[in-house]
Each structure stands twice: as structure tokens, then as C-alpha cells.
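Colleague: Need coordinates for the following:
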Amino acid sequence: MSRYFFLIALIIILSSCSGSPAPSLDLTVSDAVSNWTSGAAALDARFYADKEASVVSGKISATGSFSATLDSSLEASLLEPVASCEGLKVSSEALEMNQFSAFTVSREGEDLGLIAQVSSAEVMKDGLTTVGDYYVQYIYASSAASVQGDCPLGGVPGIFRFNLSLKKGWNIALFSLVAKEQGVQTLELATSPVPAGAIWLFK
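Modeller: You can find the predicted model right below:
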């Protein structure tokens, strides 16, 4: 009898180990918008590829506090291969991704504007103009991979630098102006924790 109970206990232990849930690929973003005065509203963000679909659901309160969940169950048609150039190295040919930097705010189907996490109010108003300026970017990757290297900026003299170490699912990155010399600018997209000084603003 004791042997019987020992076997039952062993089966239960093994089942509990093998049945551990896989890590969630969802990402929840919660914070407050510094200049929000427009009352309670809904948050949304969309990917545009072979099709269009919402990838975020959330709400913002009248005081500006908000919580938004970034959906991990994305269809392959919402992702795209990484743009290629001679100086770019991608560790996985199968990698597909998509990204956004701002949430759309709406009420009863009417768009009110955007909220984004940035380095300063000037960035929200004028874009990346000063070295050190950045937007926080949300990137979804189909698989773990690294994307490294420099590509020429289209249409203007400059460099677009990739410095990404991606995990499968959602990743946080900074889209930054890292150099600006004699009219030539270097923009960088790099995986990074959100800096302590980043602020959420409405526009």
C-alpha cells in the first residue's frame, strides 16, 4: 500500500512540473499622462502590414492614469521581414516584426489624439531634433533574434542604426537621435529599459 501511495505522489509531482504554464508574451503598460485633461477615454494601437488590426486594448482615466495590454496572439499577417541593407546583420532569416510608438486615444469612435512616452515635451512637439532625444518604441518579434548594423537614411544624409536584441513577443526599445554633425544625423533603434526620466504626454 505504501508503494502505491508513493507512486501516486510521484505522478502528481511530475505532472505539476511538466504542466507549468509557459511565460506570457503579453505586455501590460501602466503609468500616467502628465498633461492629460480630456476625461476618461479608450486606448488603441494598430499594426499595418498585409492587414490592419488592433494590438492594444486599454483605458485612460479622467486623471490621466492608464493601463494597456499589448496582445501577444498576433497573426503572422501583421508582421513583416526586417528591412535589409548592406550593413545590416540579422541573426535569424525567419525573423518578422512590427512596431509602434504611440497609443491612439478615442471616445465613442472619435480620435482625440495620441499619447507617447518621450524624453521631453519638445520631442512630442517637434520630433527628434537634439542629440539625446528619444521615443519609447514597442516592438513585437516573431522569434528571438539580434538585428545589428547601420543603414543609410532614405532621402536625407544620415544613418539609421539598429542595435536590437529581441526576445519572442513584445520588446521595449528606444528610437533616439544619437549623433548630429555637419547636417548628418544618426538615428538609433535599440532595445533598452525605459529611462527613469521618460514622460508620457498627450498630443
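
Colleague: In this protein, where's the longest strand?
Modeller: strand 169-181 (DSSP state E).

Colleague: contact partners of the next helix or strand after that one?
Modeller: Downstream of strand 169-181, the next assigned helix or strand under DSSP states H and E is strand 184-191. The set of residues external to strand 184-191 that reach it, using CB atoms under 8 Å, 6 or more residues apart in numbering, is 128, 137, 139, 153, 156-166, 171-180. Bear in mind the C-beta positions are built from the backbone N, C-alpha and C, glycine included.

Colleague: which residues does the residue nearest to residue 88 when sequence neighbours are not counted contact?
Modeller: Nearest residue to residue 88 in three dimensions, chain neighbours excluded: residue 149, at 4.0 Å (CB to CB, 6 or more residues apart in numbering). For residue 149, the contact set (CB under 8 Å, 6+ apart) comprises 85, 87, 88, 89, 161, 162.

Colleague: Please repeat the previous calculation with a cut-off of 6 Å.
Modeller: 87, 88, 89, 162 (CB atoms under 6 Å, 6 or more residues apart in numbering).

Colleague: Kindly report the same for residue 114.
Modeller: Residue 114 sits next to 102, 203 when contact means CB under 6 Å, 6+ apart.

Colleague: any idea which helix or strand carries it?
Modeller: Taking DSSP H and E as the definition, residue 114 sits inside strand 110-118.

Colleague: Following the chain past that strand, name the next helix or strand.
Modeller: For strand 110-118, the following helix or strand on the C-terminal side (DSSP H and E) is helix 121-126.

Colleague: what sits up against that following helix?
Modeller: So helix 121-126 is contacted by 118, 133, 201, 203 (CB under 6 Å, 6+ apart).

Colleague: hey, what's the third one bridged with?
Modeller: Yep, that's residue 201 we're talking about. Counting by DSSP bridges, residue 201 forms beta bridges with residue 116.

Colleague: What pLDDT does the model give it?
Modeller: At residue 201, the model reports a pLDDT of 98.

Colleague: ok, now which ones touch it?
Modeller: The contact partners of residue 201, by CB under 6 Å, 6+ apart, come to 34, 35, 124.

Colleague: Can you report how many residues lie near residue 138?
Modeller: Neighbourhood size, residue 138 [other CB atoms under 10 Å]: 22.

Colleague: how much space is there between it and residue 87?
Modeller: Distance of residue 138 to residue 87, given as CB to CB, to the nearest Å: 25 Å.

Colleague: How about residue 62?
Modeller: Between residue 62 and residue 87 the computed distance is 48 Å (CB to CB).
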